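Student: Attaching a predicted model along with its sequence, questions to come.
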Amino acid sequence: MFFMGEKMVKDSYFQRISALKLKKSMGYHQYYSGATLTFSEDLSDGTQYIPEVLSLFEHYHNSSVSIYISEAKNIFTIDSLKQFAKTIYENWATTKDNKTKWLLKIVAEYADDSIIDRLVEDIKELVSLRRGAIAGEIAAIVAGMGTPKALQKANFLEKKIKDSRVQDAAKRGIQDTARRFNLTKEELLDKIIPDFGFSPNGKKLLSYGTRVFELTITPDLDLSITDESGKIIKSLPKPNSNDNAELAKESAEDLKEIKKGVKEQVKLQLERLEKGFTVNRSWRIDLWRELFVNNPIMKKFAMALIWGVFEDVQLTKKIDSFRYLEDGTFSNQHEDTISLPSKGFISLLHPIEMSKEEIERWNEQFKDYEINQPFPQLNRPIFYIDETKKDDMFLRDFEGHMIKRTLLRSRLTAKGWTTGVVEDAGAFYSYEKSYPEYKMYASLEFMGDSIRAIIDDSEVPVYKLIFRLNYNTKCPIKTVPPRLFSEIYYEVKTIIDCGSGFNPNWKKVTWY
């Protein structure tokens, strides 16, 4: 029997439905032949009624179970329902039986953040067992919770779990929440980045009662611990007889969770920033301050990158370029302190839009102050559209270059590319990537692969790189914005360079 063990409160609605006769459809609990739900006046201990409540849910799970699940919030205390959902899930998760997955509706309705980590671990396990369908349903529960932690985990699932059903469920949940708050997906993800209890300057105290240790986020986005004397230590020490053992235990557990959480967030936010860099994402100045000045993780990123401030949202009227300093001020390429205007937009600058002199000045500053950029920005390779090819409908620069199928698949999918149109026997002949900010798509054609099985691990030739507007309309190369073209070219070239290079006889290469 599932155990709630919390106070239940009386409600007239449940008195009405208590007359319903419960019939079993799946045999999951004891068969209640002709039984009815009845309640005494004293509901201080409602544990005895849980089998009947589950029976009611189970009987209607293919029709109106959602109505009864929602109405239960008027009957039971919130805390008891949270515990109820947790217990339901823990029992179901022992088998993860598809026949009783309707129980996940109860989990989706009542569960809170305390169960999220368990759900995410189970999703990983299910995907590894090739049970992506049920993993996707659990991912939908996580994303549907709508709490900051749930949305953070949904973002993790979308980016890091290699199963389309999990990714799609997580993505839908984030987008649905964003729409409810009238935000874009990226704006929502900005607002839920955790600070883990750190101050905006990246400091947090861990107390042992008699002793206090300072945890700091370093410029390289690592964690550093110092004791009361200011000495850097590798880890928290064991508590001594003068310490508060309970506080020491809490601090150790807190540190463990922070290490895991910061590591995860640094990876996710680094990818988001580099993607934003690729598509020239901008922030309104007040929103930029909210994100990059107030959040300790994003502040460290901001101080190692070069930004441009613009008058217009189209980013055509640049006011100045700047970097954000540790003391909270802003400095331009000449090391003059500047003030940001009250209105305008901020974006990461790309070297394709900067003069050679400006890049050199910034590089000199970063060298002098020993600043390491989180990803190549100032020294990023630049690729321009060849004037002699600008009217072409496809790019042939990579044609005939050889690379293993498995390597091409793993590298491209890691960068967000997906398989193109799947044809007979699961064969496909291209990888595609969308850039919704520009309503553009890139398609890289090659000899082919299969989604059903790896044909072999031999090298295959790459063919054309094609650009499209609104997916179906091919467009000339000159249509692609210079920054986007440079970034797509750089990404594809980096991956293709992992192969053996150009094969002059590539046209003679066959599938087998």
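Tutor: Looks like it arrived, so ask away.
Student: any idea which helix or strand carries the most centrally placed residue in the chain?
Tutor: Using Cα atoms, centre = their mean, the residue of the chain that lies closest to the mean C-alpha position is residue 155, 2.2 Å off. Using DSSP states H and E, residue 155 sits in helix 148-160.
Student: Give me the helices and strands touching the longest helix along the chain, please.
Tutor: When the chain is parsed with DSSP state H, its longest helix is helix 245-279. For helix 245-279, the contact count by 3 or more Cβ pairs under 8 Å, 6 or more residues apart in numbering; DSSP states H and E identifies helix 148-160, helix 185-191, strand 203-207, strand 212-217, strand 223-226, helix 296-302, strand 345-348, helix 482-496 as packing neighbours. Heads up, the C-betas are built off the backbone N, CA and C, glycines and all.
Student: So in that sheet, which strands flank whichever helix or strand comes after the last one, and in what orientation?
Tutor: Once the chain leaves helix 482-496, the next helix or strand it forms, by DSSP H and E, is strand 501-502. Pairing partners of strand 501-502, with direction, according to DSSP bridges: strand 401-404 (antiparallel).
Student: what comes up buried for the strand it pairs with?
Tutor: 401-404 (16 or more other Cβ atoms under 10 Å).
Student: How about stretch 296-311?
Tutor: 296-302, 304-310.
Student: what's near enough to touch the residue nearest to residue 393 when sequence neighbours are not counted?
Tutor: Computed as Cβ to Cβ, 6 or more residues apart in numbering, the closest residue to residue 393 that is not its neighbour in sequence is residue 474, at 5.2 Å. Counting by Cβ atoms under 8 Å, 6 or more residues apart in numbering, residue 474 makes contact with 393-394, 466-468.
Student: where does the stretch 301-450 of the chain have low pLDDT?
Tutor: Nowhere does the stretch 301-450 of the chain drop to pLDDT under 70.
Student: swap the cut-off to 90 and go again
Tutor: Within the stretch 301-450 of the chain, the ranges that satisfy pLDDT under 90 run 311-319, 423-426, 437, 450.
Student: Report the contact partners of residue 393.
Tutor: By Cβ under 8 Å, 6+ apart, the residues touching residue 393 are 466, 474-477.
Student: Secondary structure, distance to residue 424 and pLDDT added to these, as TSV?
Tutor: Shown next, in TSV, are these (DSSP: H, G, I helix; E, B strand; the rest coil; distance: Cβ to Cβ, whole Å; pLDDT from 0 to 100):
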residue	secondary structure	distance to residue 424	pLDDT
466	strand	22	97
474	strand	24	94
475	coil	29	95
476	coil	32	97
477	helix	31	97
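Student: quick one: which of the residues you listed is nearest residue 428?
Tutor: Nearest to residue 428 out of the contacts of residue 393 is residue 466 (Cβ to Cβ; 14.7 Å).
Student: if we can go back for a sec, among the contacts of residue 393, which ones are buried?
Tutor: 466, 477.
Student: circling back to that earlier point, would you turn the helices and strands packed on helix 245-279 into JSON lines with distance to residue 124?
Tutor: JSON lines is the format used below for the helices and strands packed on helix 245-279 (distance: least, Cβ to Cβ, whole Å):
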{"stretch": "helix 148-160", "distance to residue 124": "9"}
{"stretch": "helix 185-191", "distance to residue 124": "21"}
{"stretch": "strand 203-207", "distance to residue 124": "29"}
{"stretch": "strand 212-217", "distance to residue 124": "27"}
{"stretch": "strand 223-226", "distance to residue 124": "24"}
{"stretch": "helix 296-302", "distance to residue 124": "24"}
{"stretch": "strand 345-348", "distance to residue 124": "32"}
{"stretch": "helix 482-496", "distance to residue 124": "26"}
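Student: quick one, which of those is nearest to residue 326?
Tutor: Distance to residue 326, taken as Cβ to Cβ, is lowest for helix 296-302 among the helices and strands packed on helix 245-279, at 9.1 Å.
Student: Residues in contact with that closest one: which ones?
Tutor: Helix 296-302 is contacted from outside by 193, 195-196, 198-202, 217-219, 221, 262, 265-266, 269-270, 273, 291-293, 324, 374, using Cβ under 8 Å, 6+ apart.
Student: can you tell me which residues contact residue 433?
Tutor: Per Cβ under 8 Å, 6+ apart, neighbours of residue 433: 415-418, 441-442, 488.
Student: all helices of the stretch 251-400 of the chain, in order?
Tutor: Shown for the stretch 251-400 of the chain, the helices assigned by DSSP state H, counting those that start in this stretch span residues 285-292, 296-302, 356-368.
Student: so which of the ones you listed is the most packed in?
Tutor: Highest mean neighbour count among the helices of the stretch 251-400 of the chain (mean count of other Cβ atoms under 10 Å): helix 296-302, with a mean of 21.
Student: Could you give me the buried positions within the longest helix of the chain?
Tutor: If you call a residue buried by 16+ other Cβ under 10 Å, then helix 245-279 has these buried ones: 247-248, 251-252, 254-255, 258, 262, 264-266, 268-269, 271-273, 275-279.
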